[in-house]
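1. Sequence and predicted structure are below.
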Amino acid sequence: MDGEETIGPTAADGVGPSGPATTGAPGGRVGAGKRRRVLRWGLGALALLLLPLLTVETALWFDYTGDPAPGTRTRHQDALWLGHAWVDGRKGEKDVEALAGRLRTTGIRDLYVHSGPLEHDGTLPDSAYPRARWLIAAVHRELPGVRVQAWLGDKLATESPDGLRLERPATRAAILASTRRILAAGFEGAHFDLEPLHSGDRDYLALLDNLHTLTRAHDALLSVAAHQIDPLPAFHSLWGTTTGHPKWWSQRYFGQVARRVDQIAVMSYDTMQPLASLYGGYVAEQTSLALEVTPDTTHLLMGLPFYHENRVGHRARAETVPAAVRGVRLGLSRTDAGRARFGVALYVDFAATEADWRAYREDWAG
């Protein structure tokens, strides 16, 4: 008990200084044995958890091997996400001329210009995009054939009490009204990025049905930024139960979304991969999974990381443009090398470096 000296075995007992005397009290042997058993059980459990992870990472490394098929390069159907400065007055004529000079020798066909965000009730004031008409006219003058779409997004109230609620009919109706207004302003399409959007959300599908009816009537495009697809069957359910944030969509749900839009751009970054080879293999797998369920009538784009951050889920040294492009080409080669409605989408203009643009031009735009 506290304050008493523990008396253990001595040399008189025939035990030397390197023997059992080091266990201390008579119960020390039992305690040490229990600790060893607990440690063995812990290591065994850790091995069981790490084995599937190591198996997946090995598969991703393997997916990054091989050579892309000839011709798996731009179909001149690529897209670029542009920041809000293009419609709020911060950008001018010289900026458009510089952008045009950069894009003329690439495969960029669509510009997704940030024109929101939506209010949590689905409304969007005209003051959010005061220079839209000027930008659209300037792009058409400098880059004939390039389309300008309004990039609209908001945080959903799927994982917090604050945010946009798609389950409310009034909110969905307001989003439709906001879309009518941006099309009336001259945008040639509406590009939606609503996050975090959980796999299986039926309210989102209902919204897309109504939006597509609207955009068709205006001879405009409907496009969406899409979550990644489950790397393993039902992985989004397991991850969601564990973390409260089901990051991925099921492949089936991805297909349901793809059938309701004209363009679907996979946000194939923020993948939690530590190495460029593993990230490239991940993108190759995502490309194949998306191609398998995207109809030929829908334009599929794979996102490229034109930004450089180090945070949870994203390592700049791993998620590079060269690794992403190689992954895209490998996935395309293995799944549907001749797919016409296919491209890459570059995220985002204001964070891109010259190295990003050079890798895109050399490895993809060719």
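-> Alright, I've got the coordinates. Residues are numbered from 1 along each chain as shown.
2. give the contact list for the spatially most central residue of the chain.
-> Centrality entry for the chain: nearest residue to the mean C-alpha point is residue 267, 3.0 Å, by C-alpha atoms, centre = their mean. Contacts for residue 267 (C-beta atoms under 8 Å, 6 or more residues apart in numbering) come out as 225, 226, 227, 228, 303, 347. Every C-beta, even on glycine, is put in place using the N, C-alpha and C of the backbone.
3. Can you flag which of those belong to strands?
-> Those of these mapping onto strands are 225, 226, 303, 347, per DSSP state E.
4. Please verify my assumption that the second one contacts residue 253.
-> No: at 9.6 Å, residue 226 does not count as touching residue 253 under the criterion of C-beta atoms under 8 Å.
5. overlap in contacts of those two?
-> In contact with both residue 226 and residue 253: no residue, using C-beta under 8 Å, 6+ apart.
6. so where's this structure shaky on pLDDT?
-> 1-30, 39, 41-55, 234-244 (pLDDT under 70).
7. can you map out the strands along it?
-> For the chain, the strands defined by DSSP E occupy 78-82, 108-114, 147-155, 189-195, 221-226, 263-266, 299-305, 310-311, 314-315, 342-347.
8. what's the neighbour count on residue 57?
-> 18 (other C-beta atoms under 10 Å).
9. Spatially nearest residue to it (excluding sequence neighbours)?
-> residue 278 (5.8 Å; C-beta to C-beta, 6 or more residues apart in numbering).
10. For residue 89, give me its contacts.
-> Going by C-beta under 8 Å, 6+ apart, residue 89 touches 130, 131.
11. gap between it and residue 130?
-> Separation of residue 89 from residue 130 (C-beta to C-beta, to the nearest Å): 7 Å.
12. ditto for residue 164
-> From residue 164 to residue 130 the distance is 23 Å (C-beta to C-beta).
13. Quick check: buried residues in stretch 69-80?
-> Residues of stretch 69-80 classed as buried: 72, 73, 74, 75, 77, 78, 79, 80 (neighbour count, 16 or more other C-beta atoms under 10 Å).
14. same thing with stretch 86-95?
-> Neighbour-count burial for stretch 86-95, counted by 16+ other C-beta under 10 Å, picks out 86, 87, 88, 91.
15. ok, how many other residues are close to residue 125?
-> With other C-beta under 10 Å as criterion, residue 125 counts 11.
16. Equivalent analysis for the one 10 residues further on, please.
-> For residue 135, the count of nearby residues is 22 (other C-beta under 10 Å).
17. That one and residue 99 touch, don't they?
-> No: counting by C-beta under 8 Å, residue 135 sits too far from residue 99 to count as a contact (10.2 Å).
18. Surely residue 203 and residue 166 touch.
-> Yes: between residue 203 and residue 166 there is a contact at 4.0 Å, judged by C-beta under 8 Å.
19. Please say which of those two ends up with more neighbours.
-> Using other C-beta under 10 Å, the more surrounded residue of residue 203 and residue 166 is residue 166, with 22 against 16.
20. need the contact list for the more buried one.
-> 156, 172, 194, 201, 203, 204, 207.
21. any idea how far it lies from residue 304?
-> As defined by C-beta to C-beta, residue 166 lies at a distance of 28 Å from residue 304.
22. Same question for residue 62.
-> The value you get for residue 62 to residue 304, if C-beta to C-beta is used, is 22 Å.
23. neighbour-wise, which of those two wins?
-> Of the pair residue 62 and residue 304, residue 304 is the one with more neighbours under other C-beta under 10 Å, namely 30 against 12.
24. any idea how far that one is from residue 69?
-> Separation of residue 304 from residue 69 (C-beta to C-beta): 19 Å.
25. same thing with residue 195?
-> With C-beta to C-beta as the criterion, residue 195 and residue 69 are 33 Å apart.
26. Residue 216 now?
-> Look at residue 216 and residue 69: by C-beta to C-beta, they are 34 Å apart.
27. likewise residue 161?
-> The gap separating residue 161 from residue 69 is 49 Å, by C-beta to C-beta.
28. do the same with residue 184
-> Note on residue 184: its distance to residue 69, by C-beta to C-beta, is 44 Å.
29. How about residue 294?
-> Distance from residue 294 to residue 69, by C-beta to C-beta: 19 Å.
30. Next, the contact list for residue 365, please.
-> 73, 74, 78, 105, 106, 107.
31. got it, and residue 128?
-> Shown in contact with residue 128 (C-beta under 8 Å, 6+ apart): 87, 88, 115, 116.
32. State the number of residues packed around the last one.
-> Put plainly, it is residue 116. 19.
33. wait, isn't residue 153 in contact with residue 195?
-> Yes: counting by C-beta under 8 Å, residue 153 does reach residue 195; the two are 7.3 Å apart.
34. I am finished for the moment; much appreciated.
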